[in-house]
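A.B. asks: Please find the sequence and the predicted model below.
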Amino acid sequence: MSESLRQLNKRWLAGLAVLLIGLSMAACSRTNPTSQIPAARTVSDELGREVKVAFPPQRIVSLAPSVTETLFALGLGDKVVGVTAYCDFPEAARSKEKIGDTLSPNPERLIALKPDLIVMTTASQLEKLLRQLGDLNIAVYVTDPRSVGDVLASIRKLGEVTGATAEAENIVQQMQTRIAEVEIRAKAFPKPRVLYVLQTAPLITAGRNTFINNLIQLAGAESISGNEATDYPQLSRETAIARSPEVIVAPASHGTELVKEDDLRRDFAATPAIKTNRIVWVNPDWVDRPGPRLVDGLEQLAKGLHPEK
């Protein structure tokens, strides 16, 4: 065999060896399960708790309709594996596995879904849920928005936790633009006194440190319960009448008929609101859920409080 032919064979064999090594490494990367495990990072939730979260999370359970709406708006619907019975928006959320309601999720169903992240808004239920999860080391992240600004911050934070930072920023910027437009228009009108009714028997309204109270302020009005320290205080009918609300705001439908127009007109007949026929009906899914559609509720509320003349 000539020298040139021997050199050619050596180069061919060397090339073949490199190719085989490359194919072997590629096969290992596909079959090695550790290459598919998301990295973990430690984040602070809105209660200040440090939570170790798989990043990005692949199997998310939402324990609140507002969280579900936010996750879908962030483009993470395919990562959501479980929701509550009340998570009905967007339409795709209805087909997700149901794990009970917000206050008492079914722990067996929840654990069976093998989530790597659970997101909830009910801080009062946190310890109970952690006890039910035991030593499974499932990350539980709590949101706790108390104002419209907090809602925007929650969306941003959830985007960071789930790896959807750009999507979250886009949502927040659009909401901020619409909020600013409402505030500008509202400045042209006087601020009416508002009674916001969550239910009538007993009368439940929204207190100072709630995003609902903040919505009323942004829409250009003052809540008669805006100085109440309790988040959702119970007021007597006499107290509400004495505070002389000029507008009554109530949910247009709440599924359980917690607010009926006949009851409002009867119970608050002595108020300026009823005497001037000022009842504003709002979509509770927009106003009561601290998620991306909250700005829809703000616009609807502002239009009802300050109708164009």
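C.D. replies: Arrived safely, thanks for sending. Here the structure is a predicted model, which is why all the values come from computation and not from measurement. Numbers count the residues shown, from 1 in each chain.

A.B. asks: C-alpha coordinates for the helix or strand hosting Gly149, CSV please?
C.D. replies: Under the criterion of DSSP states H and E, Gly149 resides in helix 148-162. What follows is helix 148-162 as a C-alpha-only set of coordinates in CSV (Å, rounded to 0.1, in the frame of the first residue of the first chain):
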residue,chain,number,x,y,z
VAL,A,148,-54.0,47.8,41.6
GLY,A,149,-50.3,48.5,41.7
ASP,A,150,-49.8,45.3,43.6
VAL,A,151,-51.7,43.4,40.9
LEU,A,152,-49.3,44.7,38.2
ALA,A,153,-46.4,43.7,40.4
SER,A,154,-47.9,40.3,40.9
ILE,A,155,-48.1,39.7,37.2
ARG,A,156,-44.5,40.8,36.7
LYS,A,157,-43.3,38.5,39.6
LEU,A,158,-45.3,35.5,38.3
GLY,A,159,-43.7,36.1,34.9
GLU,A,160,-40.2,36.0,36.5
VAL,A,161,-41.0,32.9,38.5
THR,A,162,-42.3,31.0,35.4
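
A.B. asks: How about residues contacting it?
C.D. replies: With C-beta atoms under 8 Å, 6 or more residues apart in numbering as the contact definition, helix 148-162 has outside contacts at 43, 46, 53, 55-57, 60, 67, 70-71, 73-74, 76, 79, 117, 119, 141, 143-145, 164-169, 171-172, 175-176, 179, 211, 214-215, 218, 290-292, 294, 298. (C-beta placed from N, C-alpha, C; glycine too.)

A.B. asks: And stretch 211-222, by the same measure?
C.D. replies: Counting by C-beta under 8 Å, 6+ apart, the neighbours of stretch 211-222 from elsewhere in the structure are 145-151, 179, 182-183, 185-187, 189, 191-194, 196, 206-207, 223, 225-226, 247, 249, 287-288, 290, 294, 297-298, 301-302, 305-306.

A.B. asks: Those in helices, which ones?
C.D. replies: Among these, the members falling in helices (DSSP state H) are 148-151, 179, 182-183, 185-186, 287, 294, 297-298, 301-302, 305.

A.B. asks: Restrict these to the buried ones and give me that as a PyMOL selection.
C.D. replies: A single PyMOL command is used to select the members of the ones in helices among the contacts of stretch 211-222 judged buried by 16 or more other C-beta atoms under 10 Å:
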select buried, resi 148+150+151+179+182+185+186+287+294+297+298+301+302+305
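
A.B. asks: hang on, the earlier thing: and the helix holding Gly149, what's buried?
C.D. replies: By neighbour count, with 16+ other C-beta under 10 Å as the criterion, the buried positions of helix 148-162 are Val148, Asp150, Val151, Leu152, Ser154, Ile155, Lys157, Leu158, Gly159, Val161, Thr162.

A.B. asks: Can you lay out those residues as CSV showing pLDDT and distance to Leu110?
C.D. replies: Written out in CSV, the entries for these read as follows (pLDDT from 0 to 100; distance: C-beta to C-beta, whole Å):
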residue, pLDDT, distance to Leu110
Val148, 97, 30
Asp150, 96, 26
Val151, 97, 25
Leu152, 98, 29
Ser154, 97, 22
Ile155, 98, 24
Lys157, 97, 22
Leu158, 97, 19
Gly159, 97, 24
Val161, 96, 19
Thr162, 96, 18
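
A.B. asks: Following the chain past the lowest-mean-pLDDT helix or strand in the chain, name the next helix or strand.
C.D. replies: Ranked by mean pLDDT, DSSP states H and E, the helix or strand of the chain with the weakest confidence is helix 3-31, at a mean of 48. Past helix 3-31, further along toward the C-terminus, the next helix or strand under DSSP H and E is strand 39-44.
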